[in-house]
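S.K.: structure, please.
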Amino acid sequence: MTEERVEFRVSPEHYKHWRVSCDGPVATLVMDVDEQGGLVPGYELKLNSYDLGVDIELYDAVQRLRFEHPEVRTVVITSGKPKIFCAGANIRMLAASPHGWKVNFCKFTNETRNGIEDATANSGQTYLAAVNGTASGGGYELALACEHIMLVDDRSSAVSLPELPLLGVLPGTGGLTRVSDKRHVRRDLADYFSTKAEGIGGKKAVQWRLVDEAVPRPRWDEAVAERAAELAGRSNRPEGAAGVPLTPLGKTRDDDAITYSCVSAKLNRDAGSVDITIEGPQADPPGDIAEARSADFWPLAVTRELDDLILDLRTNEAELGTWVFRTEGDPARVLAHDELLLASSGDWFANEVLHYLKRTLRRLDVTSRSLIAVIEPGSCFAGSLLELALAADRSFQLAGVFEDKDPDAEPATVTLGDINAGPLTMSNGLTRLQTRFWGDEAGYEAAGKRLGAALEAEDAADLGLITFAPDDIDWDEEIRIATEERASFSPDALTGLEANYRFAGPETMETKIFGRLSAWQNWIFNRPNASGADGALRRFGTGQRAVFDRKRV
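M.R.: Sure thing, here's the model as predicted:
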């Protein structure tokens, strides 16, 4: 799509497309997309349509509301343009984008929607969609991410998912799944709705559960304010708490390396891999959570940096398909920071940090890259950082020490903490430990009995917490073979392999969305019926009908 790197670090004073205002317990997010403010040249963002740049700002706004505004209990999302809420993803942008860009764009968009739902479910910030004009495609999907949807009843405004009849694709960032699984729209009605390009409005939209209420335009402002106040009254957000500013991330970036304060990455272009190192905390945690309320608090700092790195690599380095994770530091200090968070779970800030870490690890789970964890002497794969090894497709822990380098070193260990059995759930609703031992209750119980124990390679392997435990003679060769082997395989096949294995156990709305996103978008976006020269995406707006291959496959 663009040879320039995409930057995910933004701040409200530089927003082009959103306005944020807070009035006591109610915040308002106004979508007012700059038509000429596209991320790259070549398209206009008309009718509040969006590209990745619009969603990057939305993601930042959602994060800042959670951390910087503990007083906010309801967030109203509305439009700053007359008679249009949002026209969804920009079609010209999609038509001109390479396939991988489309899929990653849809993935990030849906992760942002999930963040909105997570704020409603876990932060006491309920999102209200004030749909003050037509919402189509991704615009309606944005509304679907909100807990409550209000639609202006003016005989012209409607909600719609027109992708199938107009574009030959599907509302693949969660639209169909949320219609059925979240809003419980009946299957036959959902089928009709998704083939009706003009959508449905007014009382019928309420009857079909597509929205929660339709309000006449003369009462619109009053009704939105009343509903926002009512939702705010249900919240458990603290009163009088001071927010924590998300200060700018320090980041150094060039062609070979990305460096932050706690996270660094070496880009190995010839090997198609990235060596990622996470540094544990340099000091013990503060005495209580009140002293920790700062963007410099290690769990928050490392999570912000890891989040930005994942997004940077996923978007800008598509050919670096294998990520190798290492850690450095004192495992005891990692566990101590974890314990402070868990002991303070009733505190709003601790709650936000835990859920942010959860969401970032979930972003790693759904990233189409091979993940390898390398556990060596000096590592701190303990508690929250052990989640990286549990998320990996394979893990290697050195048995013993490097006799030639440092024979007096302490052997590498991994340590399960209480945090591994609790809040850091995957998209399937299970912890990574539960997912690892899905269907193996004895294995899960055996691992659970070793909470807090620093496990050397043999014990970790016996418990099933790691994949392999080579000694120092075979160590370098084992790591080399694993990374080179990964680079030799088809990236497409690896993406399918990894996505299938990572989410054992029950299916949830979130696993459905990401599973279907991968399958639907990878297949449909590649087909000539959508993306071919005569396909619906390319012919949209030209006045010419798409030419379809009629074979069902």
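S.K.: show me the shaky parts of this structure.
M.R.: Counting by pLDDT under 70, the chain contains low-confidence ranges at 1-3, 172, 518-522, 553.
S.K.: mind running it again at 50?
M.R.: 1 (pLDDT under 50).
S.K.: next SSE downstream of the lengthiest helix in it?
M.R.: Secondary structure of the chain per DSSP state H: the longest helix is helix 99-122. As assigned by DSSP states H and E, the chain's next helix or strand after helix 99-122 is strand 126-131.
S.K.: give me the sheet partners of that following strand and which way each runs.
M.R.: strand 74-79 (parallel), strand 148-153 (parallel) (DSSP bridges).
S.K.: next, the angle from the last one to helix 99-122.
M.R.: Relative orientation of strand 148-153 with respect to helix 99-122: 110 degrees, computed using axes from the mean of the first three to the mean of the last three C-alpha atoms, to 10 degrees.
S.K.: what does strand 148-153 rub up against?
M.R.: Identification of contacts with strand 148-153 by C-beta atoms under 8 Å, 6 or more residues apart in numbering yields 126-133, 135, 143, 157-159, 201-203, 205-206, 210-217, 220, 223-224, 227, 231. From N, CA and C alone the C-beta is placed, and that goes for glycine too.
S.K.: and the residue lying farthest from the centre of the chain, how far is that from residue 478?
M.R.: Distance from the C-alpha centroid of the chain peaks at residue 404, with 42.4 Å (C-alpha atoms, centre = their mean). According to C-beta to C-beta, to the nearest Å, residue 404 stands 16 Å off from residue 478.
S.K.: and what of residue 347?
M.R.: Spatial separation of residue 347 from residue 478 under the definition C-beta to C-beta is 43 Å.
S.K.: ok, residue 83 next?
M.R.: Taking C-beta to C-beta, one finds residue 83 at 62 Å from residue 478.
S.K.: wait, what's in contact with the residue nearest the centre of the chain?
M.R.: Nearest to the geometric centre of the chain sits residue 111, at 3.4 Å (C-alpha atoms, centre = their mean). Residue 111 sits next to 59, 359, 362, 363, 366 when contact means C-beta under 8 Å, 6+ apart.
S.K.: how does it look with 6 Å?
M.R.: Residue 111 makes contacts with residue 363, as judged by C-beta atoms under 6 Å, 6 or more residues apart in numbering.
S.K.: how about the residue farthest from the centre of the chain: what's its closest non-neighbour residue?
M.R.: residue 472 (7.3 Å; C-beta to C-beta, 6 or more residues apart in numbering).
S.K.: would you list the phi and psi of residue 296?
M.R.: phi -90, psi -10 (degrees, to the nearest 10).
S.K.: now swap in residue 135 and tell me
M.R.: Dihedral angles for residue 135 - degrees, to the nearest 10 - are phi -120, psi 120.
S.K.: please apply the same query to residue 321.
M.R.: phi -90, psi -10.
S.K.: residues in contact with it?
M.R.: The contact partners of residue 321, taken as C-beta under 6 Å, 6+ apart, are 272, 369, 491.
S.K.: try residue 113
M.R.: By C-beta under 6 Å, 6+ apart, the contact set of residue 113 is 145, 174.
S.K.: list of residues touching whichever strand or helix holds residue 339?
M.R.: When elements are assigned from DSSP H and E, residue 339 belongs to helix 331-343. Contact with helix 331-343 is made by 280-281, 284-285, 298-299, 350, 354, 380, 382-385, 415, 417-419, as judged by C-beta under 6 Å, 6+ apart.
S.K.: what does the helix or strand just after that helix contact?
M.R.: Following helix 331-343 in sequence order, the next helix or strand is helix 348-365 (DSSP H and E). If you take C-beta under 6 Å, 6+ apart as the criterion, helix 348-365 is touched by 66-67, 70, 111, 122, 238, 289, 293, 299-300, 303, 306-307, 310, 341, 344, 387, 391, 423-424, 426-427, 502.
S.K.: now, of the residues you listed, which are buried?
M.R.: 66-67, 70, 111, 122, 289, 293, 299-300, 303, 306-307, 310, 341, 344, 387, 391, 423-424, 426-427, 502 (16 or more other C-beta atoms under 10 Å).
S.K.: can you flag which of these belong to helices?
M.R.: 66-67, 111, 122, 289, 299-300, 303, 306-307, 310, 341, 387, 391.
S.K.: widest-spaced pair of these?
M.R.: 111 and 289 (27.1 Å; C-beta to C-beta).
S.K.: which stretches of the stretch 101-250 of the chain form helices?
M.R.: Per DSSP state H, counting those that start in this stretch, the stretch 101-250 of the chain carries helices over the ranges 138-144, 175-177, 187-193, 202-207, 220-232.
S.K.: reformat those helices as CSV; add mean neighbour count and distance to residue 324.
M.R.: Output for the helices of the stretch 101-250 of the chain, formatted as CSV (neighbours: other C-beta atoms under 10 Å; distance: least, C-beta to C-beta, whole Å):
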stretch, mean neighbour count, distance to residue 324
helix 138-144, 28, 35
helix 175-177, 24, 33
helix 187-193, 14, 43
helix 202-207, 16, 50
helix 220-232, 17, 45
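S.K.: just so I know, which of those lies nearest residue 399?
M.R.: Comparing the helices of the stretch 101-250 of the chain against residue 399 with C-beta to C-beta, the closest turns out to be helix 175-177 (44.6 Å).
S.K.: which residues does the closest one contact?
M.R.: 141, 161, 509, 512, 513.
S.K.: chain center to that helix, what's the gap?
M.R.: Put simply, helix 175-177 sits 17 Å off its chain's centre (C-alpha atoms, centre = their mean, to the nearest Å).
S.K.: on that earlier part again, any chance of JSON lines for the contacts of residue 321, columns neighbour count and distance to residue 523?
M.R.: Formatted as JSON lines, the contacts of residue 321 follow (neighbours: other C-beta atoms under 10 Å; distance: C-beta to C-beta, whole Å):
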{"residue": "272", "neighbour count": "19", "distance to residue 523": "25"}
{"residue": "369", "neighbour count": "23", "distance to residue 523": "20"}
{"residue": "491", "neighbour count": "17", "distance to residue 523": "16"}
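S.K.: out of those residues, who's nearest residue 31?
M.R.: Among the contacts of residue 321, residue 369 lies closest to residue 31 (C-beta to C-beta), at 31.4 Å.
S.K.: which residues sit in contact with that closest one?
M.R.: 321, 323.
S.K.: what's the closest non-adjacent residue to residue 42?
M.R.: Using C-beta to C-beta, 6+ apart, the closest residue to residue 42 is residue 96 (5.8 Å).
S.K.: and for residue 449, the neighbour number?
M.R.: The number of residues packed near residue 449 is 10, by other C-beta atoms under 10 Å.
S.K.: phi, psi of it?
M.R.: phi -70, psi -10.
S.K.: and residue 35, by the same measure?
M.R.: When read as degrees, to the nearest 10, the backbone of residue 35 gives phi -60, psi -30.
S.K.: identify the residue nearest residue 425 in space, chain neighbours excluded?
M.R.: Closest to residue 425 by C-beta to C-beta, 6+ apart is residue 431, at 5.7 Å.
S.K.: and the gap between the one you found and residue 423?
M.R.: Separation of residue 431 from residue 423 (C-beta to C-beta): 9 Å.
S.K.: and what of residue 513?
M.R.: Taken as C-beta to C-beta, the span from residue 513 to residue 423 is 21 Å.
S.K.: now for residue 333, how many residues are close by?
M.R.: 19.
S.K.: then residue 287?
M.R.: 9.
S.K.: ok but it is inside a helix, no?
M.R.: No: using DSSP: H, G, I helix; E, B strand; the rest coil, the assignment for residue 287 is coil, not a helix.
S.K.: can you pull the contacts of it?
M.R.: No contacts exist for residue 287 under C-beta under 6 Å, 6+ apart.
S.K.: please repeat the previous calculation with a cut-off of 10 Å.
M.R.: Counting by C-beta atoms under 10 Å, 6 or more residues apart in numbering, residue 287 touches residue 340.
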